[in-house]
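Undergrad: Please find the sequence and the predicted model below.
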Amino acid sequence: MNRNEAKMVAEELYKLIHKDVRNIVSQTVKEETEEWIGAKEAAKVLGWSVGTLYNRIEEIPHTKLNNRLRFKKSALLQYLNR
């Protein structure tokens, strides 16, 4: 492999790595700034009553913060699309 070919390979690798890093950073920023909502709003997003939400809580992605259920809006949308 001559110097010119090595340079071309290096440039292609740079483009691929740059694209992957940009996607990863973008996804991480999106996840970190994601909106967290409460039970009432989550039930509204899912089209359920709050009672149904609590009855099916085991299958819904959520977290508990200070004895309150919190839901990531994007996770609820992914749940609906599964």
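TA: Ah, there it is.
Undergrad: burial count for residue 41?
TA: 14 (other C-beta atoms under 10 Å). From N, CA and C alone the C-beta is placed, and that goes for glycine too.
Undergrad: Ok, residue 71 next?
TA: Count around residue 71 with other C-beta under 10 Å applied: 24.
Undergrad: surely it meets residue 64?
TA: No: counting by C-beta atoms under 8 Å, residue 71 sits too far from residue 64 to count as a contact (10.7 Å).
Undergrad: Work out the gap between the strand ranked longest in the chain and the centre of the chain.
TA: Longest strand in the chain, counting residues (DSSP state E): strand 68-72. Centroid separation between strand 68-72 and its chain, computed with C-alpha atoms, centre = their mean, to the nearest Å, is 15 Å.
Undergrad: May I see the buried residues of that strand?
TA: Within strand 68-72, the residues scored as buried using 16 or more other C-beta atoms under 10 Å are 69, 71-72.
Undergrad: Just checking: what are the partner strands of that strand?
TA: Sheet pairing for strand 68-72, assigned by DSSP bridges, gives strand 36-37 (antiparallel), strand 63-65 (antiparallel).
Undergrad: Give me the next element, helix or strand, following it.
TA: Beyond strand 68-72 in the direction of the C-terminus, DSSP states H and E gives the next helix or strand as helix 73-81.
Undergrad: which other residues reach that following helix?
TA: For helix 73-81, contacts defined as C-beta atoms under 8 Å, 6 or more residues apart in numbering pick out 30, 34-37, 42, 45-46, 59-61.
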